[in-house]
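Participant: Give me a 3D structure for the following:
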Amino acid sequence: MYEFIRPFFQFYDKESFEVYAYSLAKEPDDCTNWFKQMADGWRELSPYTPELTAKQIWEDEIDILFDLAGHTADTGLPALAWKPAPVQISGLGYMTTTGLSAVDYFLTDEFMDPPGEHEEDFVEKLLHVKSQLCYKSLTDNLPQSSTAPCRERGWVLFGAFNGYHKITDEMLFAWKRILDEVPASKILFKCQVFFAPSMKLAAYNRFKRIGFEMNRVILEPATREYMNRYLDVDIALDTYPYPGGGTTCDALYMGVPVISRYSDRHSTRFAYSILQNVGVGELATDSLEGYIERAVAVAKDWDLLEYLHRNLRSMMEKSPVMDAKGYMREIEARYREIWERWLEQK
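Facilitator: All right, here's what the predicted structure looks like:
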């Protein structure tokens, strides 16, 4: 989430807005320290109850409160039920409605939630921007892909860097079919849980039961240098029904095309929205068979792979997904709109 929250602290209009941050982090780290330095006001609230959290927000006289976590672990969402700010928004960190009538708006975009199609799925009013998120890589000065690795290696390496808990058997069967259709190809799983030998063994046995040829499967733990590992990957395979957000952006930034699947559900459309905004929406499909066919077709078109590896970063940098200043001007325009609306209703 750090890469998506940075614009709210780094590029806001300091002449028109003040930003107060309410941290629920139990142990501060480099990220929280950076946010603390950038904010106009900083509150450490991790030992607080929701009621005391709401009281602090109320005392700070916050006009617009933006929840970035939704129904995730150790969230501050219950504090919003007290309505400590006159206007409250949620978005970015969770894949669906808060279910709280006290939350007024939910941040989204037209690819996540086409206007007029998903309103009934949300308690909140939908607040549309060009791209619901804006990405900034966690690491500066990363090397850029110059070609598809398969050109030099002679075979295609697929990558799945999403959290292991997102990998369903349905997708594993799909990925096996893709490997079967692309001779000599392999798949690299890079997941945090593989630091534990027991989890690595459990995954090995699971993939073997699915029918994978295990000499074509690579299991690696996630590392701080994992971005550089993308330089060895030809194509990233996204998970479903919970696709990647940060991992999708990481892959594209490193020049790796991402094959994704989506449906009508908001929670399935994160990668679809990113791909559409970057200009490669054709890499996403709304069916399992389409997903398999798209992955196989791209894997067999090495000219296309080379083009994407060389150009995806620049395409991404020119898109709404990385236009941090434009993103914040659009967000702030929405702030003004919903604040004026509140004043009129008041």
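Participant: Okay, buried residues for the worst-scoring helix or strand of the chain on mean pLDDT please.
Facilitator: Least confident helix or strand of the chain, by mean pLDDT, DSSP states H and E, is helix 2-10 with a mean of 88. Buried residues in helix 2-10, counting neighbours by 16 or more other CB atoms under 10 Å, are found at Glu3, Phe4, Ile5, Arg6, Pro7, Phe8, Phe9. (C-beta placed from N, C-alpha, C; glycine too.)
Participant: thought Glu51 was touching Trp82?
Facilitator: Yes: at 6.6 Å, Glu51 counts as touching Trp82 under the criterion of CB atoms under 8 Å.
Participant: the more surrounded of the two?
Facilitator: Trp82 (16 against 13; other CB atoms under 10 Å).
Participant: how close does that one get to Pro50?
Facilitator: Per CB to CB, to the nearest Å, Trp82 is found 7 Å from Pro50.
Participant: and what of Asp67?
Facilitator: Separation of Asp67 from Pro50 (CB to CB): 12 Å.
Participant: With Ala203 instead?
Facilitator: In terms of CB to CB, Ala203 sits 37 Å off from Pro50.
Participant: Next: Ser137.
Facilitator: 34 Å.
Participant: again, but for Ala73
Facilitator: For Ala73, the distance to Pro50 - CB to CB - is 15 Å.
Participant: Next: Val193.
Facilitator: Where Pro50 is concerned, Val193 sits at a distance of 31 Å (CB to CB).
Participant: try Ser146
Facilitator: For Ser146, the distance to Pro50 - CB to CB - is 51 Å.
Participant: Between the two, point out the one with more neighbours.
Facilitator: Pro50 (17 against 12).
Participant: In TSV, list the buried residues of helix 2-10 along with distance to Ile235.
Facilitator: Putting the buried residues of helix 2-10 into TSV (distance: CB to CB, whole Å) gives the following:
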residue	distance to Ile235
Glu3	22
Phe4	24
Ile5	29
Arg6	28
Pro7	29
Phe8	32
Phe9	34
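Participant: so which of these comes closest to Val256?
Facilitator: Nearest to Val256 among the buried residues of helix 2-10, counting by CB to CB, is Glu3 at 16.4 Å.
Participant: So the closest one sits against Leu92, correct?
Facilitator: No: under the criterion of CB under 8 Å, Glu3 makes no contact with Leu92, lying 10.8 Å away.
Participant: How about exporting the longest helix seen in the chain as CSV, limited to the C-alpha atoms?
Facilitator: The residue-count maximum for a helix in the chain (DSSP state H) belongs to helix 324-345. In CSV, the C-alpha atoms belonging to helix 324-345 read as follows (Å, rounded to 0.1, in the frame of the first residue of the first chain):
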residue,chain,number,x,y,z
ALA,A,324,1.1,11.6,-9.2
LYS,A,325,0.6,15.4,-9.6
GLY,A,326,-2.4,14.9,-11.9
TYR,A,327,-3.8,12.3,-9.6
MET,A,328,-3.7,14.6,-6.6
ARG,A,329,-5.2,17.5,-8.5
GLU,A,330,-8.1,15.2,-9.5
ILE,A,331,-8.5,13.9,-5.9
GLU,A,332,-8.5,17.4,-4.5
ALA,A,333,-11.1,18.5,-7.1
ARG,A,334,-13.3,15.7,-5.8
TYR,A,335,-12.6,16.9,-2.2
ARG,A,336,-13.8,20.3,-3.1
GLU,A,337,-16.9,18.9,-4.8
ILE,A,338,-18.0,16.7,-1.9
TRP,A,339,-17.2,19.4,0.6
GLU,A,340,-19.4,22.0,-1.2
ARG,A,341,-22.1,19.3,-1.5
TRP,A,342,-21.9,18.8,2.3
LEU,A,343,-22.1,22.6,2.9
GLU,A,344,-25.2,22.8,0.7
GLN,A,345,-26.9,19.9,2.4
